[in-house]
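> below are the sequence and a predicted model for it; my questions follow.
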Amino acid sequence: MNRAAATRTGQSAARQASLREHNLALVARAVLESPAPCSRADIAAASGLTRATVSTLVDRLVAARIVAELPPLAPQRAGRPAVPLAPAPRTVVGLGLEVNVDHLGGRVLDLTGAVVAEHVEPDDLHDSDPDLVLARLGRIARDLVDTVTADGMTVAGATLALPGLVDVRTGGLVVAPNLGWTRLDPVPSLGLDDGTPHGVPVTVANEAKLAALAQSGRTVVPGAGSAPAAPTSYLYVSGDVGIGSAIVVDRRLFHGGHGWAGEIGHVVVDPRGPRCRCGATGCLEQYAGKDALLRGAGLATTAETSDLVAALDAGRPTRSRPSPSRAGRSGARWPTTSTSSTSRRCSSAASTRRCWRTCAAPSRPSCATACSPRRGPTSGWTRRPSATTPR
């Protein structure tokens, strides 16, 4: 065989191998993402593959302990009964690890989504030493790996969730303001390198983005019973001590040009606001983060979210709204919207029409200029045109 012919044969073999891997992934995804057990015939009809091809690929997945065959269903018509296929439980598992400002820990999930092992340690990790914390998390991870492997399970990989900016190209942490961590590669400190007895591949990502991606695997809206399937494209927002968000498009994360799309927690909402741990002033977290809400309710920042909810339910009096000289004039820059009959009238004689918003906050537009009711209740402030201003 000449060199050109050998090259063509090698390319053909590569294409065939790639096609087999693609089809294998297609069949595996069909089983793993199905809201109910499906049969080989169902997969063939949905994928366009032949039944023979699907049967061969399913056999490989069963042998690899990725797919399990359930007892055959009672036949509805003449012929061989269908064998339902479902994700195999407690065989191949994934390890999730997380460091956040108030805890660290790990959890092991199997292919059905069931938790097979976990360990979480509450702690205050503000301004912590990353080497010490990651080494501690590594010990937790190794204990979890030992536990599940002793039960015959295989750990396919691990993912570390961090509350900060993660470079999607390198997997390095750029900055985690609430932890006080900057510019580090967290993976080596875990001690889970390949080649060690506990070696598993580790990827690193932002915790809000991972939480958003987890939602894409839900085929039913949580708590909604028989509600329709959750959308495949959505915006996910999470709030705790920090505030994060992520954009999911067709069940894939949209990272943006720098990989930081959705990072809203440190968007400046008031340049004159209180200083944030990131070094800026007036970040969204300083107004809507958990610590900010607890302080606003007169509670210690060590209090639980349940304490905040209890204070709200009890109607506990809180301290007065901060003045502009306190908390960076934050109190007056969040006007409330009202379209009810209890809305105040503008105090200025220039307007006898009802405003969409109340006029109590000192930093709102003066009633001498009057807010215009011609726009909707969510529009914001506009000056009413004077008699000399063209409409």
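In hand now; what should we look at? Numbering: from 1, shown residues only.
> what segments of the stretch 1-150 of the chain are helices?
Per DSSP state H, counting those that start in this stretch, the stretch 1-150 of the chain carries helices over the ranges 3-32, 40-47, 51-63, 130-150.
> for the longest one, give the mean pLDDT please.
Looking back up the chat, that one is helix 3-32. For helix 3-32, the mean per-residue pLDDT is 72.
> what do you get for the shortest one?
Taken as a whole, helix 40-47 has a mean pLDDT of 93.
> now swap in the third one and tell me
On average, the pLDDT along helix 51-63 is 96.
> ok, now stretch 159-167?
Stretch 159-167 comes out at a mean pLDDT of 95.
> can you check stretch 173-180 too?
Stretch 173-180 comes out at a mean pLDDT of 93.
> my read: Ser189 touches Arg139, true?
No - using Cβ atoms under 8 Å, Ser189 is not in contact with Arg139, being 11.2 Å away. No exception for glycine: its C-beta is placed from N, CA and C like everyone else's.
> higher neighbour count, those two?
Ser189 (17 against 12; other Cβ atoms under 10 Å).
> are we agreed that that one is in a helix?
Yes - Ser189: assigned to a helix according to DSSP: H, G, I helix; E, B strand; the rest coil.
> look up how far Gly298 lies from the closest residue to it other than its chain neighbours.
By the measure of Cβ to Cβ, 6 or more residues apart in numbering, the closest residue to Ser189 outside its immediate chain neighbours is Leu134, 3.6 Å from it. Remark: distance between Leu134 and Gly298 (Cβ to Cβ, to the nearest Å) = 36 Å.
> buried sites along stretch 137-153?
For stretch 137-153, a neighbour-count test (16 or more other Cβ atoms under 10 Å) marks Leu137, Gly138, Ile140, Ala141, Arg142, Leu144, Val145, Val148, Met153 as buried.
> from these, which is closest to Val83?
Met153 (24.0 Å; Cβ to Cβ).
> can you pull the pLDDT of that closest one?
So Met153 comes in at 97 (pLDDT).
> report the contact partners of the residue nearest to it when sequence neighbours are not counted.
The shortest distance from Met153 to any non-neighbouring residue, by Cβ to Cβ, 6+ apart, is to Val93 (4.9 Å). Residues near Val93 by Cβ atoms under 8 Å, 6 or more residues apart in numbering: Val108, Leu109, Asp110, Leu111, Val116, Val148, Met153, Thr154, Val155, Ala156.
> where do the strands sit along the stretch 51-200 of the chain?
Here the stretch 51-200 of the chain has its strands, by DSSP state E, counting those that start in this stretch, at 67-69, 85-87, 92-100, 103-110, 115-122, 154-162, 165-166, 173-176, 181-184.
> which elements pack onto the last one?
Just to be clear, that refers to strand 181-184. strand 173-176 (3 or more Cβ pairs under 8 Å, 6 or more residues apart in numbering; DSSP states H and E).
> okay, now the sheet partners of the strand it packs on, with direction.
strand 165-166 (antiparallel), strand 181-184 (antiparallel) (DSSP bridges).
> from the chain's centre, how far out does the last one sit?
In terms of Cα atoms, centre = their mean, to the nearest Å, the centre of strand 181-184 is set 21 Å apart from its chain centre.
> what lies in contact with it?
Contacts to strand 181-184, defined as Cβ under 8 Å, 6+ apart, come from residues Ser128, Pro130, Leu162, Gly164, Gly172, Leu173, Val174, Val175, Ala176.
> could you give the mean pLDDT of stretch 280-292?
91.
> can I get the CA coordinates of it in PDB?
Output of stretch 280-292 as PDB, limited to C-alpha atoms (Å, rounded to 0.1, in the frame of the first residue of the first chain):
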ATOM      1  CA  ALA A 280     -14.800  48.500  44.700                       C
ATOM      2  CA  THR A 281     -17.600  50.500  46.300                       C
ATOM      3  CA  GLY A 282     -21.400  50.000  46.000                       C
ATOM      4  CA  CYS A 283     -21.400  46.500  44.700                       C
ATOM      5  CA  LEU A 284     -24.700  44.600  44.400                       C
ATOM      6  CA  GLU A 285     -23.600  42.200  47.200                       C
ATOM      7  CA  GLN A 286     -23.400  45.100  49.600                       C
ATOM      8  CA  TYR A 287     -27.100  45.600  49.200                       C
ATOM      9  CA  ALA A 288     -28.600  42.200  48.400                       C
ATOM     10  CA  GLY A 289     -26.100  39.700  49.800                       C
ATOM     11  CA  LYS A 290     -26.900  37.600  52.800                       C
ATOM     12  CA  ASP A 291     -24.600  39.600  55.200                       C
ATOM     13  CA  ALA A 292     -26.100  42.900  54.000                       C
END
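> can you tell me the closest non-neighbouring residue to Arg275?
Spatially, and ignoring its direct neighbours in sequence, Arg275 is nearest to Thr281 (5.1 Å; Cβ to Cβ, 6+ apart).
> return the residues in contact with that neighbour.
Val268, Asp270, Pro271, Arg272, Gly273, Pro274, Arg275, Gly328.
> using CSV, please lay out those residues together with distance to Leu57 and pLDDT.
Putting these into CSV (distance: Cβ to Cβ, whole Å; pLDDT from 0 to 100) gives the following:
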residue, distance to Leu57, pLDDT
Val268, 52, 93
Asp270, 57, 93
Pro271, 58, 93
Arg272, 61, 93
Gly273, 57, 93
Pro274, 58, 93
Arg275, 57, 92
Gly328, 60, 37
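> could you export the residues you listed as TSV, including neighbour count and distance to Glu207?
Output for the contacts of Thr281, formatted as TSV (neighbours: other Cβ atoms under 10 Å; distance: Cβ to Cβ, whole Å):
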residue	neighbour count	distance to Glu207
Val268	15	22
Asp270	18	26
Pro271	9	27
Arg272	13	30
Gly273	20	25
Pro274	17	24
Arg275	12	24
Gly328	19	27
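> in strands only, show me those.
The members of these all map outside strands under DSSP state E.
> what is the neighbour count of the closest residue to Val120 other than its chain neighbours?
For Val120, ignoring the flanking residues on the chain, the nearest one in space by Cβ to Cβ, 6+ apart is Gly105 at 3.3 Å. Look at Gly105: counted by other Cβ under 10 Å, it has 19 neighbours.
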